[in-house]
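Enquirer: what's the 3D shape of this:
(one chain, ligands or ions: 1)
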Amino acid sequence: MNREETLVNNFKSVSAALSAACQKSGRDPNEITLLAVTKYANDEDVLTLLQKGLIKHIGESRVQQALARWTRPEFAAFDTVKHFIGHLQKNKAAKAAQFFDFIDSLDSWDTALAVSKNVPAGKTIRVLVQVKLTDKDTQSGLPLPKARELAARLKNLSAIKVCGYMAIAPQGAPKSQLQQLFGRLKQAFDEDFAACPERYLSMGMSEDFETAVEEGSSLPRIGSKLFAENLEGL
Ligand SMILES: *Cc1c(COP(=O)(O)O)cnc(C)c1O
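Expert: All right, here's what the predicted structure looks like:
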């Protein structure tokens, strides 16, 4: 298989797994938006998937690196929706506000203000509040009650449209624990965002997206499963 065939194959297996997860949980696959995480992928691979029209929502975790790639004409030519998914430092907030369509990893009011002040006139930036699912790990995000408070408060910022929650599950957690953690966040999301016409619950990565989708994720973030050299080996 050449590289192009491998990439198309990877995409097909991810799509098939997404459909299977939808079928298993009685969900409509049209509710799911695949967020292709391109942060580790090389330029050629990303361009291949763009040219084939297979990806539209892309995720990057470093502001500088994202700008360097996506402002180049060969990338800028594609109509993409750009999500920032990394930890946003306050000093990068202005650049992020100008460049990204979504910030999926917001976890502080101060950063939100810095983003809000720098959103160009006429633009509304979509944000998700990052929730920390367990208190054991050191990952960013807020414990659920604090995340819900921040989400409510963000509704007052006019340049920002708060659309839901994002979470990273603990690595290697058993399925039963994932179901419990994802399920609890889904419940909070339904309570807090039922009235929003545009809403996203971003749970699941390459290792756990099937469970995440079964539990209600609408924006799984997938990197390595799309860009792997050899899926069998993963
Ligand atoms: C890197 C990253 C991903 C993608 O992870 P894979 O395991 O490669 O699919 C998803 N979400 C966030 C927040 C990331 O930083």
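Enquirer: dihedrals phi and psi, Ala167?
Expert: With angles defined as degrees, to the nearest 10, Ala167 sits at phi -150, psi 150.
Enquirer: and it, how many residues sit next to it?
Expert: Neighbour count of Ala167, defined by other C-beta atoms under 10 Å: 27. (Each C-beta comes from the backbone N, C-alpha and C, glycine too.)
Enquirer: name all residues that make contact with the closest residue in space to it that isn't next to it in sequence.
Expert: Distances taken as C-beta to C-beta, 6 or more residues apart in numbering place Val131 nearest to Ala167, at 4.5 Å, with adjacent residues excluded. The contact partners of Val131, by C-beta atoms under 8 Å, 6 or more residues apart in numbering, come to Gly141, Leu142, Pro143, Leu144, Ala147, Tyr165, Met166, Ala167, Leu185.
Enquirer: over to Leu47?
Expert: Glu74, Phe75.
Enquirer: now Leu201
Expert: Gly164, Tyr165, Leu185, Lys186, Phe189, Phe193, Gly216, Ser217, Ser218, Leu219.
Enquirer: picking up where we left off before, who does the helix or strand harbouring the residue nearest to Ala167 pair up with?
Expert: Assessed by DSSP states H and E, Val131 sits inside strand 125-132. When pairing is defined by DSSP bridges, strand 125-132 lines up against strand 102-106 (parallel), strand 142-143 (parallel), strand 160-168 (parallel).
Enquirer: out of those, indicate the one that is most buried.
Expert: Stretch with highest mean neighbour count among these: strand 102-106 (a mean of 26; mean count of other C-beta atoms under 10 Å).
Enquirer: would you mark the buried spots in the next helix-or-strand element following it?
Expert: Note on strand 102-106: by DSSP H and E, the next helix or strand toward the C-terminus is helix 109-118. Of all the residues in helix 109-118, those buried under the rule 16 or more other C-beta atoms under 10 Å are Thr111, Ala112, Ala114, Val115, Ser116.
Enquirer: the ligand contacts on this protein?
Expert: 37, 39, 61, 85, 168, 205-207, 221-225 (C-beta under 6 Å from any ligand atom).
Enquirer: ok, of the buried residues of helix 109-118, which one's closest to the ligand?
Expert: Taking C-beta to the nearest ligand atom as the measure, the ligand lies nearest Thr111 of the buried residues of helix 109-118, at 15.8 Å.
Enquirer: fine by me, thanks again.
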